[in-house]
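J.: 3D model of this:
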Amino acid sequence: MIDNNNNKKENSSQFVLTDRKNVSVNGVLDVISFDDCCVTLSTHFGDMIIEGSDLRIGVLDVERGVVTLSGAVNAVYYSNREDKSKRSLASKLFK
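T.: Numbers count the residues shown, from 1 in each chain. Reported below is the predicted structural model:
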C-alpha cells in the first residue's frame, strides 16, 4: 500500500525568498553547479537557476532536499526537464 501523503511530501517543492537576500529551497535533488553569481539546482519540478551576487550556500542537505543561500538575489528561473525518450525522431535529427 502506498501512503499518498508521504509520496506527495517527497515530490513537493518550496521556494522562499526573504528580502532578496535569503533563499530557502526544499525539494532539491542535486546541486548541479554553484559559484558566487549563479546556483543551479535540480528539483522535482525541473532545474532551478538562482542568479545574483555574493551568493553563499548556508545549508546543503541533499538527502533531505534542503538548500539555503544568502546574498543578493537578482533572478530565479526554472527550466523544465525534457524526457529524451519522449522526443520525436524529427526533433532528434534537427537539434
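
J.: Ala72 and Arg20: what is the separation?
T.: Distance from Ala72 to Arg20, counting by Cβ to Cβ, to the nearest Å: 7 Å. Any C-beta I mention is one placed from the backbone N, CA and C, and that applies to glycine too.

J.: Also Gly65?
T.: Using Cβ to Cβ, Gly65 is found at 23 Å from Arg20.

J.: neighbour-wise, which of those two wins?
T.: Using other Cβ atoms under 10 Å as the criterion, Gly65 and Arg20 rank with Gly65 on top: 19 against 11.

J.: who's in contact with the more buried one?
T.: Asn26, Gly27, Val28, Leu29 (Cβ atoms under 8 Å, 6 or more residues apart in numbering).

J.: The second one: what's its closest spatial neighbour, skipping adjacent residues?
T.: If the residues on either side of it in the chain are set aside, Gly27 comes closest to Ser13, at 3.1 Å by Cβ to Cβ, 6 or more residues apart in numbering.

J.: Could you pull up the residues touching the one you found?
T.: Residues in contact with Ser13 (Cβ under 8 Å, 6+ apart) are Val25, Asn26, Gly27, Thr43, His44, Phe45.

J.: With Leu69 instead?
T.: With contacts defined as Cβ under 8 Å, 6+ apart, Leu69 is in contact with Asn22, Val23, Val25, Val39, Ile50, Leu55, Arg56, Ile57, Gly58.

J.: Skip the chain neighbours and tell me the closest residue to it.
T.: Val23 (4.2 Å).

J.: is it true that that neighbour touches Met48?
T.: No: under the criterion of Cβ atoms under 8 Å, Val23 is not in contact with Met48, lying 9.8 Å apart.

J.: what is the rounded mean pLDDT of stretch 61-70?
T.: In this model, stretch 61-70 has an average pLDDT of 94.
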